[in-house]
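Undergrad: dropping the sequence and predicted coords here.
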Amino acid sequence: MAFLEVNNFNKTFGDKVVALKDVNFSLEKGKVLSIIGHSGSGKTTLLRCINFLTEVDSGKMTLDGETLLKAPMDKSISEAEIREKRLNFGLVFQSFNLFPQYNVLDNVTLAPNMLLLDDIKEYKKSLKAQKLPLLERKSLVKEFIKEKKAKIEKEGLEIIEKVGLLDKIKSYPCELSGGQCQRVAIARALALNPKVLCFDEPTSALDPELTGEVLKVIKSLKQKDRTMIIVTHEMSFAKNVSDEVIFMADGEIVESGKPKDLFNNPQSEQLKAFLSSANNKDEL
Ligand SMILES: Nc1ncnc2c1ncn2[C@@H]1O[C@H](COP(=O)(O)OP(=O)(O)OP(=O)(O)O)[C@@H](O)[C@H]1O
Ligand SMILES: [Mg+2]
């Protein structure tokens, strides 16, 4: 069984907008999958369904041997359980979605700090169960928080260094370029150490001269433990970085395979037409 398996995903919006039609694919650990296709072909919907942001009508998804999703979903499943499942994935949007009121370091460490609140609750419970005196408990909790926060900050700084923004940790999003904002968004997604990191057209809101720096960071993230799914309109990037490529049209996977096969030897008329129109915009 592959690391990530998506089976028979179907999604219809309203009565007639069929956004996903029997979508199937699998991805091995540490591999990069690119998803390409015309506007409206279902790429974002697929990413959103994988990330538990849109509820898929039917289908199944397994990750690392665990069945994470079986749709239609059991109505008894709680928001907290869905949030937990969602933590397996990180999603970077084209529009960054940074918190304007927080600086770079706080944007990156916010989510781990929120999760820490749950750990603190659990720790307090465990101390109480041990029946330790109140004063001792208080000082242990204080120490616990201090240690955990220091660890979160240290890891946050390491991640910010990876995306090349150590000199900007105190800057606010309004003080950064689009490319820098997108690199903060990538750092923020990495901070939760997701098993699968997903990107939805991470460079499409950027001026061409800022695209390169973001693509370079994404390329540098390619390593054996990080599995990535990238929706992109940058054909040369998809060709160079991906291990697998999926071409979607009208909610369906029309072709999939190794980038050299898809790009050099497209089989369907749809992919041929798509590549030749993309080729006019982007040197393959
Ligand atoms: N929340 C929604 N409600 C209704 N229809 C939707 C919704 N989200 C997407 N759709 C429709 O589903 C289809 C697939 O949309 P989707 O956003 O997945 O396409 P896409 O491939 O990401 O396109 P683009 O390249 O423009 O981002 C489209 O017809 C779209 O209008
Ligand atoms: Mg989209």
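TA: Sure, I can see it. Ligands and ions are numbered 1, 2, ... in the order given.
Undergrad: hang on, isn't residue 279 packed against residue 236?
TA: No: counting by Cβ atoms under 8 Å, residue 279 stays clear of residue 236, with 10.0 Å between them. C-betas here are computed from N, CA, C, even on glycine.
Undergrad: what about the helices in the protein?
TA: 43-50, 79-86, 104-129, 134-162, 178-190, 208-220, 235-241, 259-264, 269-281 (DSSP state H).
Undergrad: quick one, the fourth one and helix 208-220 angle?
TA: Okay, so that is helix 134-162. Our comparison of helix 134-162 with helix 208-220, counting by axes from the mean of the first three to the mean of the last three Cα atoms, to 10 degrees, yields an angle of 120 degrees.
Undergrad: and for the fifth one?
TA: Angular relation of helix 178-190 and helix 208-220 on a 0 to 180 degree scale: 20 degrees, by the same axes, to 10 degrees.
Undergrad: which parts of helix 178-190 are buried?
TA: When burial is assessed from 16 or more other Cβ atoms under 10 Å, helix 178-190 yields the following buried residues: 178-190.
Undergrad: now the longest one
TA: Taking 16+ other Cβ under 10 Å as the neighbour-count basis, helix 134-162 is seen to contain the buried residues 137, 144, 148, 152, 153, 155, 156, 157, 159, 160, 162.
Undergrad: in CSV: those, plus pLDDT and distance to ligand 1.
TA: Formatted as CSV, the entries for the buried residues of helix 134-162 read as follows, by pLDDT from 0 to 100; distance: Cβ to the nearest ligand atom, whole Å:
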residue, pLDDT, distance to ligand 1
137, 94, 48
144, 98, 42
148, 98, 38
152, 98, 33
153, 98, 36
155, 97, 32
156, 98, 30
157, 98, 34
159, 96, 27
160, 97, 29
162, 94, 27
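Undergrad: tell me the one of those nearest residue 116?
TA: Using Cβ to Cβ, residue 148 is the member of the buried residues of helix 134-162 that lies nearest residue 116, at 5.4 Å.
Undergrad: just checking, that closest one touches residue 119?
TA: Yes: checked against Cβ under 8 Å, the pair residue 148 and residue 119 is within contact range at 6.7 Å.
Undergrad: show me how far stretch 267-284 is from its chain's centre.
TA: Stretch 267-284 has its C-alpha centroid displaced from the chain centroid by 26 Å (Cα atoms, centre = their mean, to the nearest Å).
Undergrad: could we number from 50 for the rest of this?
TA: Yep, numbering from 50; the last one is stretch 316-333 now.
Undergrad: and that stretch, does that touch ligand 1?
TA: No: shown here: stretch 316-333 not in contact with ligand 1 (Cβ under 6 Å from any ligand atom), separated by at least 11.6 Å.
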